[in-house]
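**Q** Got a predicted structure plus its sequence, pasted below:
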Amino acid sequence: MKSLMQPLCVGVMAAGFLGFAGGAIAQPRQPVSLKQAQPPDAQTLFAQAQRLPIFAGVNMTQQQLTVLRPIFEQTHARINRVLTPEQQQKFHQALIEEGRPFQESVDLMDLTSQQEAQLDNILKMTGLQVAPILTPEQREQIQVNIDTHYSD
């Protein structure tokens, strides 16, 4: 699971960039039954991810956000094809709604080794797409945030 940490952080980074594009969409906390709950849509995830610690001190321009949004939507769709709706909901609930640590949220999904490999590939591809869009200062701040908030 530890090998998935850096690529998942890159994926969270990619996903979170899209959250800067619109107003924050805060959903009130409600008891969630995993059997009834729908995974959040891309727009909601996009908005919520901006509040993750990985983006502290990272100021995105509107132009960057416009370029990053389709990358996020594509990544979100690919991830949704790998994870079950229950896994998606567990991760979102733990990380966003409950504020649990990132690694704990990942662990709650109980990923298979095949899913880990698929996610690793998806998120590495996303990282390669996102990195050139960011300034060196933004990449440096995100790395500091990863080291601070997401390292074991």
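**A** Great, that's in hand. Numbering: from 1, shown residues only.

**Q** so where's the chain shaky on pLDDT?
**A** 1-51, 150-152 (pLDDT under 70).

**Q** any idea which helix or strand comes after the lengthiest helix in the chain?
**A** Across the chain, the longest stretch assigned as helix under DSSP state H is helix 62-82. Later in the chain than helix 62-82, the nearest helix or strand by DSSP states H and E is helix 85-92.

**Q** got the buried residues for that next one?
**A** Using 16 or more other C-beta atoms under 10 Å as the test for burial, helix 85-92 gives Q87, Q88, Q89, K90, F91, H92. All C-beta atoms are positioned from the backbone trio N, CA, C, and that covers glycine.

**Q** on that earlier part again, the inter-axis angle of the longest helix of the chain versus helix 85-92?
**A** Using axes from the mean of the first three to the mean of the last three C-alpha atoms, to 10 degrees, the direction of helix 62-82 lies 140 degrees away from that of helix 85-92.
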